[in-house]
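**Student:** Got a sequence here, can you build the structure:
(chains A and B)
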2 protein chains.
Amino acid sequence: MFEKVKRLLIGRPMKSAELEGEKLSKLKALAILSSDALSSVAYGTEQILLVLVAAGFMALWYSLPIAVAVLALLAILITSYRQTIFAYPSGGGAYIVAKDNLGKAPSLLAGGSLLVDYILTVAVSASAGTDAITSAFPSLHEYRVTIALIMIVFLTILNLRGVTESASILAVPIYMFVVAIFVLIVCGIIKYFTAGAPVAHAEFGSAVSNVSLFLLLKAFCSGCSALTGVEAVSNAIPNFRDPAPKNAAKTLMMMGLILGSMFTGITLLAYWFGIAPEAKSTVISQIAEATFGRGVLYFIIQGVTAIILFLAANTAYSAFPLLAFMLAKDKFMPHMFMVRGDRLGFSNGILFLSVLSAVLVMVFHGDTDALIPLYAVGVFIPFTLSQAGMMVRWVRLKPSGWLGKLFINTVGMLVTLSITLIFIFTKFHQVWMAFIFLPFVVYLFYKIRIHYDNTADQLRIDLAKDKPITKGNTVIIPISGITRVVLNTVSYAKTLSNNVVAVYIGFDDESIAKMEQKWAEWDPGIRLIVLKSRYRSIMRPLYKFIQTVEWKMAAEDHVTILIPQFITKHWWENVLHNQTSIMMRAFFIRNKEVIVTTVPFHLDK
Amino acid sequence: MFEKVKRLLIGRPMKSAELEGEKLSKLKALAILSSDALSSVAYGTEQILLVLVAAGFMALWYSLPIAVAVLALLAILITSYRQTIFAYPSGGGAYIVAKDNLGKAPSLLAGGSLLVDYILTVAVSASAGTDAITSAFPSLHEYRVTIALIMIVFLTILNLRGVTESASILAVPIYMFVVAIFVLIVCGIIKYFTAGAPVAHAEFGSAVSNVSLFLLLKAFCSGCSALTGVEAVSNAIPNFRDPAPKNAAKTLMMMGLILGSMFTGITLLAYWFGIAPEAKSTVISQIAEATFGRGVLYFIIQGVTAIILFLAANTAYSAFPLLAFMLAKDKFMPHMFMVRGDRLGFSNGILFLSVLSAVLVMVFHGDTDALIPLYAVGVFIPFTLSQAGMMVRWVRLKPSGWLGKLFINTVGMLVTLSITLIFIFTKFHQVWMAFIFLPFVVYLFYKIRIHYDNTADQLRIDLAKDKPITKGNTVIIPISGITRVVLNTVSYAKTLSNNVVAVYIGFDDESIAKMEQKWAEWDPGIRLIVLKSRYRSIMRPLYKFIQTVEWKMAAEDHVTILIPQFITKHWWENVLHNQTSIMMRAFFIRNKEVIVTTVPFHLDK
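**Tutor:** Here you go, the predicted model:
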């Protein structure tokens, strides 16, 4: 039943050998990995204008130089991540680069912030997508948490189905978005040059008295939110078709070009059309309205923008499981993140991401705006660490032309570090949480690693010296009556050892006497020991008895507890039987150095 | 930790021998068993007036003849239940009486309706108690579900602590309520005869045109809701001190007298003071106000009334576990309801009752008024069946004076049957649910009984013929590497049999070759079989392998799977390890005729 539903939702299991077929072409990779970055276009320009408008309408012309700065930063990031891709052809996310060049602690900080960040990405983007839907259909507003959760479930199923399949499905809306925005930009430019600006715009270069450096920096930082998601490609190199690094680098360049031109176009049009941010209408929506009026094209632009905001979450679904896999391989996260599911994806990572982001959505009632600054900090910390790691690498290895490469990464590092610091200083009240949970996550990583190291130490044996040693075997059978299950168990016990006892725990003298008499009548050839329990507990007297046996026999014998257990035909029938045997097994395995054996007897009706 | 909290809440465990000390004196029994019945006084009169007022203020005098009819019914019920107590000295609830005289189906119907009824009682009474609290403190209104749940938790803990202890705690408010109502009645009568009625009242015997028989019957039925809870004593005879039946009969009489006089007093005063039901003020509250004004005494009356409404639930807590015990003893309910807890109460019954009533409170958001008619039907069905059962008994056994006894029970049966029918006809839209879930509950009882009978058949052996048979033993050890746990397991396996194989499941050729080479180097003296899994599943190839072994060996050998398992020091560390061994154990025990043994290795850090 469960199996059937699973097959229907995620498809047939795939062989390990099919992994190569799950690799991505450049076009699909661009679709699946760029949704986060490209979706930033929907709000990047707006974020800049929102800060500038505080200094008055005339200050809006500053958006142009700021956009140039953001584009320069984009160019630096793309160039430096391109360097990383070739330096780390098997996947060079911030975690790997930092681990290789900066050491354990910085790499864990980078890995931890990225993991947390991906969870935030899913929560924020599912909420943003829901907002887009409920803006269109206000009557759905009270179901927003449910809608966001449905979206997360949808993404989960899509990603459990596997990488290529989700890429094929996602490619359509993402390319639609790209085409729609380019159409908008081209038509907007034509409109501007043929019809002129619909309203006045701020004069470029006009002096505005209350524009401070702080304000400009803040606007720049906000604009940088358009750059989140750029690192996704470098994490996902192993998902590319061969030659993976080359394809990844090309995809990255393509993404940079598309993102850069869309951002430039939108910012320019916003300036030309004299658009100021409004509460009720986004910048994109205002540009679309100015260009097309409220026609079909306008609603198409709005629709694909909503979809892309929601699909931004999918980038996290590609990146999180891979990063968790890498951390698990280094024993900083549980082994389970290394297991590939039926469809060859890291299902546990996908499910973990879904559950945590769903919890965030529920806790914040789908109102996750407060998480956005946190999310930006979570991106720029690993950006900075990754650049710093590359700097160390160039100085260490000194390949040909390393000075130029070092220069690029140094500039990148300084800029991303500055952005991180500006974020912390300008929005401390929103990001202080990061300073509590990031150290906690890193601490957890360390604790997990220590546990695994300890376990490995204790389990390791010397193949030459440590050989099996044969001992005797004392077998104890707890019984509650004489039944076919007990008969089965006694038969089995007699094959194991000559030293077998049955133990009966009675609550009153009458039942004990009756049991002794029945046992004598049956005479199965093993001894019965009866114990009286004054507290109606079976475990306590049995525990004491086994302790005594262990104390006497442990030197020369293993102590084995044989538990007779009948297995009902249907699992739900178990509710009709006291689960003493399960409790017994769990208790003795955990608390004593005894071997616990279940001898099943299957009921057939 | 859990143990400590448990001790704090419910006290030290008690020996089985202490059971006798848990028996109830008459005064305590009255307190614990009458709360449901006595609390009816708080709303019985009101229910009658509510129906009558539909025919106008002048119709209210009919409350007096109706009250006489209710009192007569009370007398009949008390007398006939007194007969039942002596006929069934070890506890004679409707279930026992029906089982003994009417057969299986009627007894299960009686038992089922009572069980459902007790669950309703707790839900309704916790909600009513909450209403009393939130009427006094309206700001608590939005927390009503939480308050009702806290009350249920409180009653659960009280009852888990044991019968006598809860009796001691509950006796105080219940006797306070009785005293308070009697003080109210006496003062009210004095007031009436000294000061006269504060307002006009309906003339006794005055003709009211629109009073129909249907209306009077409906009013009578509603008044009969004051009689719910009368059966509690006859269920609980085993809880009484010796001589149990005599003490129980005396307690029942006492309860009848108290209930009868309180009901008479309240109804009379309501008539004399010309009280009509009001939405905002209960009849008791109006009488108290007319008698004392809004002073301290008024608030005491209101307070104890609120408490008693809430404590009415406690009757269900005494009766439900006992009835569930009886049904479980007859194998119509799961065995677990027969287990006495640490404090000698039937803890599972108590917990089951709490959970289900809490679910009802949550589903109905603490607004359980709709459940009240259902609850009355649930009481009068077993009343009727119990009376009918007693009739059959007298006819069958014909003891001295059986004709008189038969007469009493016949009258009782006819009256309770009529009430049941009137309830069904006048309130069908509220009670139709009973006709779905009562048959369902009875069906469940039958299914459970069939399962137990089948199980017993399959487990039964012939002590003379069925003796243990010794076979050989083929041992299979699934391994994932060579570790100390595997060393341990192999050592143990060699004590069991000479026919041991280790099985390794690899996902690729490289790991398989490596494993084979390491095994050869270790050379533990047993054979290694390697299997390749193309789907990354361990279970599937292992299952197939075991199937083959079973097919070859099952005739002369047991097949034992030895599972090497290391036990982490802290349970939460399990999250760091894939739980393959637990899944393996559960899977093979359920699906194959193999014996599953866990060989634990305890990590000490």
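
**Student:** now the residue nearest to A:Leu158 when sequence neighbours are not counted: how far from chain B?
**Tutor:** Leaving aside its sequence neighbours, A:Leu158 sits nearest to A:Ser166 (Cβ to Cβ, 6 or more residues apart in numbering or on different chains; 4.5 Å). Just so you know, the C-beta spots here come from the backbone N, C-alpha and C atoms, and that holds for glycine as well. Counting by Cβ to the nearest Cβ, to the nearest Å, the gap from A:Ser166 to chain B is 20 Å.

**Student:** helix, strand or coil for A:Ser166?
**Tutor:** The three-state label given to A:Ser166 by DSSP: H, G, I helix; E, B strand; the rest coil is helix.

**Student:** Quick one: residues contacting A:Leu297.
**Tutor:** Contacts here follow Cβ atoms under 8 Å, 6 or more residues apart in numbering or on different chains; on that basis A:Leu297 touches A:Val183, A:Leu184, A:Ala288.

**Student:** Report the separation between the residue nearest to A:Leu158 and B:Asn409.
**Tutor:** Counting by Cβ to Cβ, to the nearest Å, the gap from A:Ser166 to B:Asn409 is 74 Å.

**Student:** So which residues on the stretch 301-450 of chain A come close to chain B?
**Tutor:** Those residues of the stretch 301-450 of chain A that sit near chain B, judged by Cβ under 8 Å from any Cβ of the partner chain, are A:Pro334, A:His335, A:Met336, A:Val339, A:Arg340, A:Asp342, A:Ile448.

**Student:** Among those, name the ones in helices.
**Tutor:** A:Ile448 (DSSP state H).

**Student:** Does chain B have contacts with the longest strand along chain A?
**Tutor:** The longest strand of chain A (DSSP state E) is strand A:557-567. Yes. Strand A:557-567 comes into contact with chain B (Cβ under 8 Å from any Cβ), by way of A:His558, A:Thr560, A:Gln565, A:Phe566, A:Ile567.

**Student:** any idea what sits nearest whichever residue of the stretch 301-450 of chain A sits closest to chain B, other than its immediate chain neighbours?
**Tutor:** For the stretch 301-450 of chain A, the residue closest to chain B is A:Pro334, as judged by Cβ to the nearest Cβ, at 4.8 Å. Nearest residue to A:Pro334, sequence neighbours excluded (Cβ to Cβ, 6+ apart): B:Leu576, at 4.8 Å.

**Student:** Now do the contacts for that neighbour.
**Tutor:** A:Pro334, A:His335, A:Ile448, A:His451, A:Tyr452, B:Thr568.

**Student:** of these, closest to A:Tyr62?
**Tutor:** A:Tyr62 has its nearest neighbour among the contacts of B:Leu576 in A:Ile448, at 47.5 Å by Cβ to Cβ.

**Student:** how far away is the closest residue to that closest one other than its chain neighbours from A:Thr384?
**Tutor:** Leaving aside its sequence neighbours, A:Ile448 sits nearest to A:Phe332 (Cβ to Cβ, 6+ apart; 5.7 Å). Computed as Cβ to Cβ, the A:Phe332 to A:Thr384 distance reads 20 Å.

**Student:** Whatever residue of the stretch 151-300 of chain A ends up closest to chain B: what's it in contact with?
**Tutor:** Of all residues in the stretch 151-300 of chain A, A:Gly162 sits closest to chain B, at 13.8 Å by Cβ to the nearest Cβ. By Cβ under 8 Å, 6+ apart, the contact list for A:Gly162 reads A:Gly11, A:Met14, A:Glu22, A:Arg343, A:Leu344, A:Gly345.

**Student:** which among these end up buried?
**Tutor:** Burial by neighbour count, 16 or more other Cβ atoms under 10 Å in any protein chain shown: within the contacts of A:Gly162 this picks out A:Met14, A:Glu22, A:Arg343, A:Leu344, A:Gly345.

**Student:** which element is A:Ile469 on?
**Tutor:** A:Ile469 is located outside every helix and strand, with elements delineated by DSSP states H and E.

**Student:** what about it, how many neighbours?
**Tutor:** 12 (other Cβ atoms under 10 Å in any protein chain shown).

**Student:** Could you work out the most separated pair of the buried ones among the contacts of A:Gly162?
**Tutor:** Farthest pair in the buried ones among the contacts of A:Gly162, by Cβ to Cβ: A:Met14 and A:Gly345, 9.7 Å.
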